[in-house]
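K.L.:
predicted model, plus sequence, below.
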Amino acid sequence: MSKKIQYSDQEWQQKLTPEAYSVARKAGTESPFTGRYWDHHDKGIYTCICCGLDLFHSDSKFDSGTGWPSFYQPVVAENVVKQEDRSLFRVRTEARCACCDAHLGHIFPDGPNPTGLRYCINSAALDFSPEKI
């Protein structure tokens with residue numbers, strides 16, 4: 001990736017819905033079992049709501065029982081940046097978009113094989129492009 005996408009806070013507010021802005025730009029979290037993709041089963045690619053970068057393929061999605069879309073790996077590892085998050089009085093691994101630095105969710109070490117990881121991602125941080133048949 002050659003160039004990071006950057007907009008002012010006001011431009012992000014105009015570009016995104018209030019919920020997407022709160023989650024992706026202000027590191028908010030949607031309530032479990034409320035997002036449009038937590039129980040979504042179509043084949044395709046989940047992309048960043050802010051910049052459209054390919055993040056996760058539906059083949060890596062699994063039902064974690066948490067109420068958020070969960071994936072065991074990104075489409076391309078470099079598309080999701082891992083960052084230490086010390087909010088809420090604990091240390092977690094935050095997942096961010098490599099292109100625009102959008103907050104996506106968090107990564108936990110309790111996922112299925114082959115990676116053992118659970119990318120717990122907010123639906124509000126995602127868009128979806130269905131596979132063409």
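P.N.:
Great, that's in hand.

K.L.:
list the residues that contact the residue most central in space within the chain.
P.N.:
Among the residues of the chain, the one closest to the centroid is Leu104, at 3.3 Å (Cα atoms, centre = their mean). Contact analysis of Leu104 by Cβ atoms under 8 Å, 6 or more residues apart in numbering lists Ala24, Cys48, Leu55, Val80, Ala95, Arg96, Cys97, Tyr119, Ile121, Asn122, Ala125, Leu126. Quick note: C-beta positions are derived from backbone N, CA and C, even for glycine.

K.L.:
in space, what's closest to the first one - neighbours in sequence excluded?
P.N.:
By that I understand Ala24. Closest residue to Ala24 apart from its sequence neighbours, by Cβ to Cβ, 6 or more residues apart in numbering: Ala102 at 4.0 Å.

K.L.:
enumerate every residue touching that neighbour.
P.N.:
With contact set as Cβ under 8 Å, 6+ apart, Ala102 has these partners: Ala24, Arg25, Cys48, Ile49, Cys50, Cys51, Arg96, Ala125.

K.L.:
from the contacts of Leu104, which two are the most distant?
P.N.:
With Cβ to Cβ as the measure, no two of the contacts of Leu104 lie farther apart than Ala24 and Tyr119, at 15.0 Å.
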